[in-house]
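Visitor: all I have is the shape, not the residue letters:
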């Protein structure tokens, strides 16, 4: 079988790692998939049955940029020598110089894929990249986007796919089975909170404000603990912590959901169709406000920054109203981006 080496960077959440896992899950029967990850959630990779190596990201390194890239080139070069991949899939905003240097120095034929999600803010920092270095560009789509294929000015195939999801619909547990696995009461009213790891933004302030509002409405609150979080949120004794991955498998166990507007979260809410309050994080480079509004067009969702007590009260009232009005439905959008991207990667490996 061909060997595929996946290189997810470390972002503010787990989006890069999850997309690479989504591709690898679809390819595991046809290829040997291994990981070189800047995300610290290596236990998630191993729990899904893949081998991998961890390298500290520049966000957590004390090295200067040049020194970090030099070390990356050496470490990734050793990974290439050890695994001898046919295709390398890089998922990140822009490829690191150390990564590109290691690929150039590798003395065997190597196909390169760049998986690069868009929807950045207009003023977001960008770095010029020579796209001709890659054999395939994959653009994971947003909800309601237009899939398609074209050639870049450099002649590289660029594939725009529908939203990329880790799990298929059949992988998401129904309400009763999900509650049984999580140890929740079948007749209870539960709200799931997943506001991100809190590494770049303190989520405890708005989070605990919303916890009080939801508890006052009669729900038991369950707080999802992110695998890459570097600090624990101090939760009230009445809030139940939850550490499972992938969280999407259990979404239908809950009556309502409160979360950030990251790529994974929005796609998974659309897939599960759970009534949700989405709180965009405005400190990031990607436009979470725009993504949340896209989600609201395809799922029973309320969007609010929840910056004040009044905002939180109004948002929770709207959320409860949406939950009461909700009809059981499935998402009408195509959500098979992972399948299409995996097939394109496989075809490249065959060349």
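Guide: All right, it came through fine. As the structure is a prediction and not an experimental result, all values here were calculated from the model.
Visitor: can you map out the strands along the stretch 101-250 of the chain?
Guide: For the stretch 101-250 of the chain, the strands defined by DSSP state E, counting those that start in this stretch cover 111-115, 136-140, 148-151, 157-161, 190-194, 220-224, 240-242.
Visitor: dump those strands to JSON lines, plus mean neighbour count and mean pLDDT.
Guide: Bear in mind the C-beta positions are built from the backbone N, C-alpha and C, glycine included. Listed next are the strands of the stretch 101-250 of the chain as JSON lines, based on neighbours: other CB atoms under 10 Å; pLDDT from 0 to 100:
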{"stretch": "strand 111-115", "mean neighbour count": "23", "mean pLDDT": "97"}
{"stretch": "strand 136-140", "mean neighbour count": "23", "mean pLDDT": "96"}
{"stretch": "strand 148-151", "mean neighbour count": "11", "mean pLDDT": "93"}
{"stretch": "strand 157-161", "mean neighbour count": "19", "mean pLDDT": "95"}
{"stretch": "strand 190-194", "mean neighbour count": "24", "mean pLDDT": "95"}
{"stretch": "strand 220-224", "mean neighbour count": "20", "mean pLDDT": "93"}
{"stretch": "strand 240-242", "mean neighbour count": "15", "mean pLDDT": "91"}
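Visitor: nearest to residue 66, out of those strands?
Guide: For the strands of the stretch 101-250 of the chain, proximity to residue 66 was assessed by CB to CB; strand 111-115 is nearest, at 22.5 Å.
Visitor: and that closest one with strand 157-161, angle?
Guide: Following axes from the mean of the first three to the mean of the last three CA atoms, to 10 degrees, one obtains 40 degrees for the angle between strand 111-115 and strand 157-161.
Visitor: quick one: low-confidence parts of the chain?
Guide: 11-13, 124, 197-205, 227-233, 284, 326-330 (pLDDT under 70).
Visitor: hang on, the earlier thing: now tabulate the strands of the stretch 101-250 of the chain in CSV and tack on distance to residue 54.
Guide: Listed next are the strands of the stretch 101-250 of the chain as CSV, based on distance: least, CB to CB, whole Å:
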stretch, distance to residue 54
strand 111-115, 19
strand 136-140, 23
strand 148-151, 34
strand 157-161, 27
strand 190-194, 24
strand 220-224, 23
strand 240-242, 24
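Visitor: residue 316 is nearest to which of those strands?
Guide: Taking those one by one with CB to CB, strand 190-194 is closest: 9.5 Å.
Visitor: other SSEs contacting that closest one?
Guide: Applying 3 or more CB pairs under 8 Å, 6 or more residues apart in numbering; DSSP states H and E, we find strand 190-194 packed against helix 204-216, strand 220-224, strand 256-259.
Visitor: thinking again about what came up before, relative to residue 183, which of the strands of the stretch 101-250 of the chain is closest?
Guide: Ranking these by their distance to residue 183 (criterion: CB to CB) puts strand 240-242 first, at 9.4 Å.
Visitor: what lies in contact with the closest one?
Guide: The contact list for strand 240-242 (CB atoms under 8 Å, 6 or more residues apart in numbering) reads 182, 192, 220, 221, 222, 223, 224, 225, 235.
Visitor: which one of those is nearest residue 276?
Guide: Among the contacts of strand 240-242, residue 192 lies closest to residue 276 (CB to CB), at 9.2 Å.
Visitor: quick check: chain neighbours aside, which residue is closest to the closest one?
Guide: Excluding the flanking residues, the one nearest residue 192 by CB to CB, 6 or more residues apart in numbering is residue 254, at 4.2 Å.
Visitor: got the contact list for the one you found?
Guide: By CB under 8 Å, 6+ apart, residue 254 lies in contact with 190, 191, 192, 222, 274.
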